[in-house]
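Student: The following comprises the amino acid sequence and a computationally predicted model.
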Amino acid sequence: IVVYPVEGTDIAALAEEIKARIDGVQTLTGEDFDEQIGSAIAIFNAIILGVALISLIVGGLSVINTMAMSVAERTREIGIKRAIGASRARIIREVLLEAGLIGLIGGVIGLILGAVVVVLANEAGRSSGTILFQLTVGTALFSLGFSTVLGMLAGVVPAWSAAHLDPVDA
């Protein structure tokens with residue numbers, strides 16, 4: 001039973017009074033609830049954060065690997081561009097743009113899969129009135145921007161190495 005006291009009521013005293021008047025009842029104030037549930041939520045959040053960090057590292061390494069392979073396969077193309085006058089900055093921009101696009105595509109795929117999980121999890125908890133996750137437009141836009149920036153950051157090293165290829169050797 002959930003009790004909503006009137007404003008100004010001493011909640012701890014009300015909980016004790018209910019406990020004293022009704023046998024076999026255990027009371028839990030808002031602070032007690034927060035204390036008990038808060039520790040479980042903190043553990044859950046730590047696990048989620050750990051999984052997210054591992055995902056970021058794996059995603060970043062995947063983009064670095066993809067871009068390094070792309071640069072290795074396009075060595076001739078990059079060498080020809082440099083030989084006909086493309087600046088190092090242009091080569092860096094092209095590789096970073098490609099890396100950012102890979103990050104954006106990965107972010108869109110992740111957002112779609114995440115949205116499916118959010119809908120399924122919320123539907124599972126709806127019968128008990130619990131909404132587990134909330135996906136907002138701000139969260140979605142942040143995740144897309146973050147994945148794009150992460151892709152670009154992961155492309156810095158391959159872009160730098162591509163820009164510093166010697167045109168003659170390439």
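Tutor: In hand now; what should we look at?

Student: just checking, what's the longest helix in the chain?
Tutor: Secondary structure assigned by DSSP state H gives helix 30-73 as the longest helix of the chain.

Student: Run the chain-centre distance for whatever helix or strand comes next after that helix.
Tutor: Sequence-wise, the next helix or strand downstream of helix 30-73 (DSSP states H and E) is helix 75-83. Distance, stretch centre to chain centre, for helix 75-83: 37 Å (CA atoms, centre = their mean, to the nearest Å).

Student: Now do helix 75-83 and helix 30-73, the angle between them.
Tutor: 80 degrees (axes from the mean of the first three to the mean of the last three CA atoms, to 10 degrees).

Student: Report all helices and strands that the helix or strand of the chain with the lowest mean pLDDT contacts.
Tutor: Using mean pLDDT, DSSP states H and E, the weakest-scoring helix or strand in the chain turns out to be helix 30-73, at a mean of 85. Taking 3 or more CB pairs under 8 Å, 6 or more residues apart in numbering; DSSP states H and E as contact, the helices and strands that helix 30-73 lies on are helix 88-126, helix 137-154, helix 156-163. Placement of C-beta: from N, CA and C, glycine included.

Student: Brilliant, that's me finished.
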